[in-house]
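Asker: Prediction below, plus the sequence it came from.
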Amino acid sequence: MTQDTLTAPAGDLAGDGTRWWRDAVIYQVYVRSFADSDGDGVGDLPGIRSRLPHLAGLGVDALWLTPFYVSPMADFGYDVADYRDVDPLFGTLDDARGLIADAHAHGLRIIVDVVPNHTSDRHAWFQAALAAAPGSPERARYIFRDGRGPDGAEPPNDWESVFGGPAWTRLPDGQWYLHLFAPEQPDLNWENPEVHAEFADVLRFWLDLGVDGFRVDVAHGMAKAPGLPDVGHADQVEMLGTAVLPYFDQDHVHDIHREWRRLLDSYAGERIAVAEAWAPTPERLAAYTRPDELHQAFNFHYLTASWEAPAMRRVIEESLRTAGEVGAPATWVLSNHDVKRHVTRYGGGDRGLRRARAAALLTLALPGSSYVYQGEELGLPEVLDLPEEFQQDPQRLRGDGAGRDGCRVPLPWEGEEPPFGFGAGGGSWLPIPTGWRDLTVAAQRDDPRSMLNLYAEALRIRRAHPALGDGSLRWLDGPAGTLVFVRESAGDGARGRVACAVNLGGRAVRVPAYGTRLLASGPVRGDGDHVELPPDTALWWDVEEDG
Ligand code: GLC
């Protein structure tokens, strides 16, 4: 990517009815760690604004911003105290307005996070609930219950918090309240019409401000099983995403999403919602994207699949089939702010990086919409050796190495020393490893073999080629350990085909040269008719119409 290509295409947002989201590449900005404009060591909205030309130049279609609302930051913004204002740490409401306008002018859509499963314990509603008596309307907005046992000293049921320990906290007056996450994140009661009305209003507030959609936090948790029955199982955290629990993925949660879809559809401009839903099967996940529900759901089955051809193929096939059955686009995601970065998950070091490069080409060639987590375009690894005193994530208290700070380390932009241009000041809220000097945006910009340029080039081709993006794929036979498929343009527009081969195995394989080489994730050798694909390498070809 040269300096020239960093100049944004001005205002090329397509109008209504384009279903832009079916093949959008959506870049996740973890606001705290993206760019710090005021030197306090924490990323902010003006910081993002200043980097929009870079993001537009990278070639993504939209940004998803993690929560920047007023928050005591017990869970770094996922504990919201005021849904209609910006936390001073991140800027002002005017900064949000300016960011939305500038992003649109750069051809980038904006998706904001909405956190409807719980509020902060500092939210006016929860403060009112604490001050009110058991049985009051104020408490009915949350999930308060009396305890079990002779004096109610036992929690109302056996539910465990995702962050460890019981999901209930007792108040001095004897009642307990439910929090599926930290005690500072009391769960809302979605049986209460007041909660529905309040969130409809919050959604409208941001839609009126011009956002293009929402990422719905814990979209699978908003409805609880009637009567709040016991799970009957300790160590519930191990069951997350593998079984239906009485607090996750309940059938009636879909009623809420249908209501939200109606609201979104009442706005012009294809405003969307993407569900953060950890569902046990691709079928159950696809249910969140039925035509009258949300537009997309994160595909965590893809994210958690191991780097092996059969496992990857199975999850790709199931994702395409189940999404297709409900008419939704499949989505693809490799990393986010809650999981270990995939360079590290795939083995770390050179091997992890090689696999991450191949995974980028695999992912961006698949039909549907893709998410890119900030820093994956730089090949950032998980920071595994963050000193104890810097670790801040509440989930670390679970004690099984579950802390998420290591994937949230601020981005290195330029220069030779931390904080590498992240902030106007000399520091960053989590320390950036000195070794990241070779991974900065500036260091990678002029290196044609860098991860940054691999992403930029893949995104450029994906945008320009009629066969990539939305549609279907056809598998081709390939050697063991590989995935080989063809993408073909559909509809009446420009014709074209792309072949993609990925070698996930441990030894080099020979594959036919399917056409003209477009892009490779690493060095490949060819002898005209064939290509030798080294381990952990992917290749895209442009295929002739009759090829
Ligand atoms: C989601 C967020 C995560 C947060 C949790 C509670 O899983 O992605 O960061 O801790 O919800 O809001």
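Answerer: In hand now; what should we look at?
Asker: Could I get the buried residue list for stretch 62-78?
Answerer: Residues of stretch 62-78 classed as buried by neighbour count (16 or more other Cβ atoms under 10 Å): 62-71, 73-78. Quick note: C-beta positions are derived from backbone N, CA and C, even for glycine.
Asker: now do the same end-to-end measure for it.
Answerer: Using Cα to Cα, to the nearest Å, the end-to-end distance of stretch 62-78 comes to 21 Å.
Asker: Can you tell me how far the residue of the chain found nearest the ligand is from Pro186?
Answerer: Closest approach between the chain and the ligand, counting by Cβ to the nearest ligand atom: Tyr78, at 3.3 Å. In this view, Tyr78 and Pro186 are 13 Å apart by Cβ to Cβ, to the nearest Å.
Asker: do Ile111 as well
Answerer: Ile111 is 26 Å from Pro186, by Cβ to Cβ.
Asker: Domains in this structure, by residue range?
Answerer: 27-114+193-382, 118-187 (automatic domain parsing).
Asker: so of these, which one's packed in deepest?
Answerer: Greatest average neighbour count among the domains of the chain goes to domain 27-114+193-382 (a mean of 20), per mean count of other Cβ atoms under 10 Å.
Asker: now it, how far from the chain's geometric center?
Answerer: Counting by Cα atoms, centre = their mean, to the nearest Å, domain 27-114+193-382 is centred 4 Å from the centre of its parent chain.
Asker: now the strands for the stretch 101-250 of the chain?
Answerer: 109-114, 144-145, 168-170, 176-178, 213-216 (DSSP state E, counting those that start in this stretch).
Asker: could you dump those to CSV with distance to the ligand?
Answerer: Shown next, in CSV, are the strands of the stretch 101-250 of the chain (distance: least, Cβ to the nearest ligand atom, whole Å):
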stretch, distance to the ligand
strand 109-114, 8
strand 144-145, 20
strand 168-170, 16
strand 176-178, 14
strand 213-216, 9
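Asker: which stretch among those comes nearest Glu325?
Answerer: Evaluated over these, closeness to Glu325 peaks at strand 213-216, with 21.4 Å, by Cβ to Cβ.
Asker: which neighbours does the closest one have in its sheet, and in what orientation?
Answerer: Note on strand 213-216: by DSSP bridges, its sheet partners are strand 109-114 (parallel), strand 272-275 (parallel).
Asker: Name the nearest residue to Asp249, ignoring sequence neighbours.
Answerer: The shortest distance from Asp249 to any non-neighbouring residue, by Cβ to Cβ, 6 or more residues apart in numbering, is to His220 (4.6 Å).
Asker: Poorly predicted segments of this structure, please.
Answerer: Within the chain, the segments meeting pLDDT under 70 span 1-17, 546-547.
Asker: Residue nearest the middle of it, spatially speaking?
Answerer: Centroid-nearest residue in the chain: Asn336, 5.0 Å away (criterion: Cα atoms, centre = their mean).
Asker: can you confirm that one is in a strand?
Answerer: No. Asn336: not assigned to a strand; according to DSSP: H, G, I helix; E, B strand; the rest coil it is coil.
Asker: For it, grab phi and psi.
Answerer: Dihedral pair for Asn336: phi -160, psi -170, per degrees, to the nearest 10.
Asker: Enumerate every residue touching the closest residue to it other than its chain neighbours.
Answerer: Leaving aside its sequence neighbours, Asn336 sits nearest to Tyr373 (Cβ to Cβ, 6+ apart; 5.0 Å). Going by Cβ atoms under 8 Å, 6 or more residues apart in numbering, Tyr373 touches 28, 30, 333-337, 341, 407.
Asker: again, only using 10 Å
Answerer: Tyr373 makes contacts with 27-30, 64, 303, 333-339, 341-342, 380, 407, as judged by Cβ atoms under 10 Å, 6 or more residues apart in numbering.
Asker: which residues does it form a beta bridge with?
Answerer: Gln28.
Asker: For this protein, what lies in contact range of the ligand?
Answerer: 75, 78, 115, 181, 217-218, 276, 337-338 (Cβ under 6 Å from any ligand atom).
Asker: Make TSV out of these and add distance to Glu414.
Answerer: Formatted as TSV, the residues of the chain next to the ligand follow (distance: Cβ to Cβ, whole Å):
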residue	distance to Glu414
Asp75	31
Tyr78	30
Val115	33
Phe181	36
Asp217	32
Val218	36
Glu276	32
His337	23
Asp338	28
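Asker: of the residues you listed, closest to Leu52?
Answerer: His337 (20.3 Å).
Asker: how about the nearest residue to the closest one, chain neighbours excluded?
Answerer: Leaving aside its sequence neighbours, His337 sits nearest to Tyr30 (Cβ to Cβ, 6+ apart; 4.7 Å).
Asker: Kindly report the same for Gly375.
Answerer: Leu411 (5.7 Å).
Asker: shouldn't that neighbour be in contact with Ile432?
Answerer: Yes. With contact defined as Cβ atoms under 10 Å, Leu411 counts as touching Ile432 (8.3 Å).
Asker: The two: which has the busier surroundings?
Answerer: Using other Cβ atoms under 10 Å as the criterion, Leu411 and Ile432 rank with Leu411 on top: 28 against 23.
Asker: Now for the more buried one: which residues touch it?
Answerer: Counting by Cβ under 10 Å, 6+ apart, Leu411 has contacts 29-30, 33-36, 43, 47, 51, 374-375, 377-378, 380, 419-422, 428, 432, 436, 439-441.
Asker: ditto for Gly506
Answerer: By Cβ under 10 Å, 6+ apart, the neighbours of Gly506 are 481, 535-536.
Asker: can you tell me how far the residue nearest to the centre of the chain sits from Ile26?
Answerer: Distance, Asn336 to Ile26, by Cβ to Cβ: 11 Å.
Asker: Leaving out the residues flanking it, which one is nearest to Gly213?
Answerer: The shortest distance from Gly213 to any non-neighbouring residue, by Cβ to Cβ, 6+ apart, is to Ile272 (3.7 Å).
Asker: and what of Ala182?
Answerer: Excluding its sequence neighbours, the residue lying closest to Ala182 (Cβ to Cβ, 6+ apart) is Pro394, at 4.8 Å.
Asker: ok now do that neighbour, which residues does it touch?
Answerer: Pro394 touches 74-76, 78-79, 161-164, 181-185, 403-404, counting by Cβ under 10 Å, 6+ apart.
Asker: Now with 7 Å, please.
Answerer: By Cβ atoms under 7 Å, 6 or more residues apart in numbering, the contact set of Pro394 is 74-75, 163, 182.
Asker: Then Ala275?
Answerer: Listed by Cβ under 7 Å, 6+ apart, the contact partners of Ala275 are 216, 219, 288, 294, 297-298.
Asker: One more pass at 10 Å, please.
Answerer: Residues counted as contacts of Ala275 (Cβ under 10 Å, 6+ apart) are 214-220, 253, 257, 260, 285, 287-289, 293-298, 331.
Asker: try Ala424
Answerer: 35-41, 47.
Asker: Between Tyr78 and Pro186, which contacts overlap?
Answerer: Common neighbours of Tyr78 and Pro186 are listed as 117-118, 120 (criterion: Cβ under 10 Å, 6+ apart).
Asker: what about Pro46, which SS state?
Answerer: Three-state assignment for Pro46 (three-state DSSP): helix.
Asker: Spatially, what comes nearest to it if we skip its sequence neighbours?
Answerer: Nearest non-adjacent residue to Pro46, counting by Cβ to Cβ, 6+ apart: Ser37, 3.9 Å away.
Asker: Roughly how far does that neighbour sit from Gly77?
Answerer: Using Cβ to Cβ, Ser37 is found at 17 Å from Gly77.
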